[in-house]
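Novice: For reference, the sequence and a predicted model appear below.
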Amino acid sequence: MWRVCLISLCVVMKLWAEEGERVYAGTALEKSRPPQLETDEAPTIDRAINNASRMPVLKLLRGAHGFRPKIGSPVLSSGPAGGIEYRVGDPWDGQVLLRTSGRISVRRYIHTDAELALPRLAGGRIFVDALATYRDYPQLRYFGQGQNSGRSNESNFRLKSSKVELSSGIRPVRIFRLGLTGGYERADTLAGTSSEYPSIELQFPPRTVPGFALRNEFATTGAFAEVDYTDQKTSPRRGGIYSARLNNYVDQNFGRYSFRRLDVDLRQFVQFFNEQRVIALRAHGTFSDTSRGLVPFFLQPTLGGPETLRGFRNFRFYDNNAMFFNAEYRWKVSTGMEMALFTDAGKVFPDRRDINLSGLLTSYGGGVRFNLRQSVFMRVDTGCGREGCQVWLRFQDNY
Amino acid sequence: MASVSRQLLTLALLLAPCWLAAEPDSSPSKLVSVGKIQPQAVSEFKEFFGNTFGHQGERHSEDETIPAKGVLPDGEVPDSAWYVNRHAKQRMSRSELQRGPGNSTPPSESGHWTIISAKTEGITPGFVIVDTAGRKFLIKFDPYDFPELASGADVVSSKFFHALGYYVPENYIVNFDATKLVLKQGSQAALAPRQLKKALARLRKGKDGRIRAMASKFLDGEPVGPFLFHGRRADDPNDQIPHEHRRELRGLYLFSAWLNHTDAKSGNSLDMVVTEGGIRHVRHHLIDFGATLGSATHEAKSARQGHEHLIEFRPSLIQIATLGAYVPKWARVQHSKSPAVGAFEAEAFDPAKWKPNYPNPAFENRLPEDLSWASSKIAAFTDSDIAAIVETGQYSDPQAAAWITKNLILRRDKILAQYATAAVRRKSMPTAAGR
């Protein structure tokens, strides 16, 4: 029975996850088309799912006329969210992506965005992307600054933010991208709306929370570089992704919150036993240069949650700098299902000169992942650390 | 007179078992003309779940095994609308093996190919074209990262299945310039020019700028949908034997194992109403061999395919319980590095344990006699026969063709060692060393 449920879930997830296939055909000829042509390109399980997804009710979930459902949490801890997305259909032969979407979660997190992208200019060697985002997240968690913050100090705050960002770059070869970014962000931090936890100002003196209760406005500029030689875009089994991003935040209102940030992310995948086993490694660091000012707390890197330290709650640790390491051993159980054992380690720290491996927080655990076309579409991870165990349900791969 | 009577009686007694054993069948001599045959559709979803979680068709019980029906006393399958004894009955020449069901009507070299319908999305596009001679073909392309993989497998396996005795479509490797494809004009156009351009842009081009594809000629006759691997077609008076008890379908297990046809299912079959010798009847075809050998059509096969069903409880439980410490043999063997080959090998291959993507009722009913029959057909293929057929895949990398040939030979030998009767082995072995 559980397998039936699993496949049913696959059907729904597939509808959400991808556009699926459409058949263009001349009407008269199409109607007389012999069943010989029904042999399409997908493997059996996909074909079964494809066929199921042609059911009228399920077709609605796939969307039409550019509109389609947008499912998924905009941010960790927002709770399940849903909304709608509109895509302008295939302008300029697919050279342009123009879309907008809006989502609201059960906890009233609101996320809207609009994007104009030219991903394949000059034969794919140049890309441009413009993104405007509005966020209203009313119950984001905050436990205090630093690694020694107490779990019992959990509070919440509201973040309302509007941001526009333009990025552009070149891809001289298939595996390498280099680009520049620029943008503007306005962010208001307010009292949280959660009834479960006190609002941030009730738990922490405002002076200990940099940037709280202010209208912060930033101009941002940055650069990034990425090398990606993995075998597939999602859920890779071999290869590596190495990226670095440098951003400069210039405070437009107070002059106190200007800083620079460097994000470095290194991922390596090693397969063996005919891709039935994968070792996945990740090292990530976010380092802030605070020589010109403070880092507002809502822009500080955080640790804790399904993407960083899985034995700790979402946003458990805040500080100016953070680094974490993940190691996973993944093994395929069957077609469409794999399991993993993992360990995470990381820490946050106030001064970037404190980079070292002492005092790392650790967590460990295991999980199960479900794949379609070799990409993870759902995972359940259980991570344990010094503060107990956490169970995570996510609809994307970890890294 | 008494002597003649005795002789006739003796003759009758000798022939009686033959008539008693051979049940009503669709062999050409016994075919009756059919009336209106309703096209039938097979729900792939239903077939997948029905066979994975249930049992379809009549199965053996603990008390009784059901032997294959419609076979001759010597265990042979009579020629019929399902099956024709070919290579094993009378050796086909090298050119006949390579010709398969026909190789004289590829898409016309001259003029354009007009696209009349298309699938442009998904992993690889596919077109239905009409050439200048008015012939209709399905054009399928290789996955971008695996050039020659699916097209090669489709053509090679169609030749094997034809020589083994099945009805299959004419499949061709074609190389053409993108400008050869034109869209059907008018309001009923298959797709917009920009969609065609976009679809073609996603295809890998050869060094000469041309595109390689597999062209499958539309079958003659009137299509009436796939056949099931269980039950009978109610509106076909010639279809008297439950399919799960047909030796040619039970034995198809071993042929599929040999060629790694993991997608052997109803969806990859097609019944056509044809008229032969003035008799209108249903002919049963196997189609779509893109998921044979090391190809999974849209990518290389997983090493797991052929060794486990897509959903199978026991192996999954072992993997969970051992935290992946148990590594099956198929995960440890070496595969070819060539993208044109995919996951195709013989070291971990065990003909008795080979599995299609999901259970097939006729395969599940296979008995030793069915497999022995099938192995006698496979025994007919010498090393040079196999090499000759692999050549039709037109692999640009000689090592790819050599790998496929070598592993087909090794798989054949494993099959013969396990299932061939002593007589068949004696017959095939003298030439085995040097054949």
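Specialist: Arrived safely. On a predicted model such as this, the values are computed, not experimentally measured, just so you know. Numbering: from 1, shown residues only, chains lettered A, B, ... in the order given.

Novice: What average pLDDT does the helix or strand hosting B:Val155 get?
Specialist: Following DSSP states H and E, one finds B:Val155 within helix B:149-164. Mean pLDDT, helix B:149-164: 98.

Novice: Repeat that for stretch A:136-149.
Specialist: 96.

Novice: residues of that stretch that come out buried?
Specialist: Buried residues in stretch A:136-149, defined by neighbour count with 16 or more other C-beta atoms under 10 Å in any protein chain shown: A:Asp136, A:Tyr137, A:Pro138, A:Gln139, A:Leu140, A:Arg141, A:Tyr142, A:Phe143, A:Gly144, A:Gln145, A:Gln147, A:Ser149. Where you see a C-beta, it was placed from the backbone N, CA and C, and this is true even at glycine.

Novice: quick one: low-confidence ranges for the stretch 1-150 of chain B?
Specialist: For the stretch 1-150 of chain B, applying pLDDT under 70 flags the ranges B:1-29, B:120-124.

Novice: Now do the helices in it.
Specialist: Secondary structure of the stretch 1-150 of chain B (DSSP state H, counting those that start in this stretch): helices at B:2-21, B:44-53, B:94-99, B:149-164.

Novice: which ones are touching whichever residue of the stretch 251-399 of chain A sits closest to chain B?
Specialist: Nearest residue of the stretch 251-399 of chain A to chain B (C-beta to the nearest C-beta) works out as A:Trp331 at 3.0 Å. A:Trp331 makes contact with A:Gln276, A:Arg277, A:Val278, A:Glu338, A:Met339, A:Ala340, B:Gln319, B:Leu323, B:Gly324, according to C-beta atoms under 8 Å, 6 or more residues apart in numbering or on different chains.

Novice: Secondary structure element holding B:Asp413?
Specialist: Following DSSP H and E, the helix or strand that holds B:Asp413 is helix B:398-419.

Novice: now the angle from that helix to helix B:149-164?
Specialist: Relative orientation of helix B:398-419 versus helix B:149-164 (axes from the mean of the first three to the mean of the last three C-alpha atoms, to 10 degrees): 40 degrees.

Novice: list the buried ones in helix B:398-419?
Specialist: Under 16+ other C-beta under 10 Å, the buried positions of helix B:398-419 are B:400-409, B:411-416, B:419.

Novice: Surely B:Pro315 forms part of a strand?
Specialist: No: according to DSSP: H, G, I helix; E, B strand; the rest coil, B:Pro315 belongs to no strand; its state is helix.

Novice: Touching, it and A:Lys332? I think so.
Specialist: No: if you go by C-beta atoms under 8 Å, B:Pro315 and A:Lys332 don't touch, sitting 10.3 Å apart.

Novice: quick one: which of the two has more around it?
Specialist: The neighbour count for B:Pro315 versus A:Lys332, taken as other C-beta atoms under 10 Å in any protein chain shown, is higher for A:Lys332 (26 against 16).

Novice: From A:Phe272, how far off is that one?
Specialist: A:Lys332 sits 12 Å away from A:Phe272, taking C-beta to C-beta, to the nearest Å as the criterion.

Novice: now stretch B:304-311: how far from the chain's centre is it?
Specialist: 18 Å (C-alpha atoms, centre = their mean, to the nearest Å).

Novice: near chain A, anything from that stretch?
Specialist: Yes: counting by C-beta under 8 Å from any C-beta of the partner chain, chain A has neighbours in stretch B:304-311: B:Arg304, B:Gln305, B:Glu308, B:Leu310, B:Ile311.

Novice: Contact residues of the stretch 251-399 of chain A facing chain B?
Specialist: A:273-277, A:329, A:331-337, A:339, A:341, A:374.

Novice: Mind checking which of those are buried?
Specialist: Looks like these have A:273-277, A:329, A:331-337, A:339, A:374 buried, using 16+ other C-beta under 10 Å.

Novice: pretty sure B:Ser216 is in contact with B:Ile129, am I right?
Specialist: No: counting by C-beta under 8 Å, B:Ser216 does not reach B:Ile129; the two are 10.8 Å apart.

Novice: residues bridging contact with the two, i.e. touching both?
Specialist: B:Phe137, B:Ile139.

Novice: Those two: which is more packed in?
Specialist: In this view B:Ser216 and B:Ile129 are compared by other C-beta under 10 Å, and B:Ser216 has more residues nearby, 28 against 24.

Novice: which regions of chain A lie under the pLDDT threshold?
Specialist: A:1-65, A:89-90, A:93-94.

Novice: Pull out the buried positions in the longest strand along it.
Specialist: The single longest strand within chain A, with elements called by DSSP state E, is strand A:155-173. For strand A:155-173, a neighbour-count test (16+ other C-beta under 10 Å) marks A:155-163, A:165, A:167, A:169, A:171 as buried.

Novice: repeat for stretch B:338-354
Specialist: Of the residues in stretch B:338-354, B:338-346, B:348-349, B:351, B:354 count as buried by neighbour count, 16+ other C-beta under 10 Å.

Novice: May I have that stretch as PDB, with CA atoms only?
Specialist: Output in PDB follows, covering the C-alpha atoms of stretch B:338-354 (Å, rounded to 0.1, in the frame of the first residue of the first chain):
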ATOM      1  CA  SER B 338      31.200   4.500 -24.600                       C
ATOM      2  CA  PRO B 339      28.000   6.600 -24.400                       C
ATOM      3  CA  ALA B 340      26.700   4.600 -27.400                       C
ATOM      4  CA  VAL B 341      26.700   1.400 -25.400                       C
ATOM      5  CA  GLY B 342      25.200   2.400 -22.000                       C
ATOM      6  CA  ALA B 343      24.800  -0.200 -19.300                       C
ATOM      7  CA  PHE B 344      25.100  -3.500 -21.200                       C
ATOM      8  CA  GLU B 345      27.300  -6.400 -20.000                       C
ATOM      9  CA  ALA B 346      27.400 -10.100 -19.600                       C
ATOM     10  CA  GLU B 347      29.400 -10.700 -16.400                       C
ATOM     11  CA  ALA B 348      26.500 -10.100 -14.000                       C
ATOM     12  CA  PHE B 349      23.900 -11.400 -16.400                       C
ATOM     13  CA  ASP B 350      22.000 -14.500 -15.200                       C
ATOM     14  CA  PRO B 351      19.400 -15.600 -17.700                       C
ATOM     15  CA  ALA B 352      17.300 -17.200 -14.900                       C
ATOM     16  CA  LYS B 353      17.200 -14.000 -12.900                       C
ATOM     17  CA  TRP B 354      16.900 -11.400 -15.500                       C
END
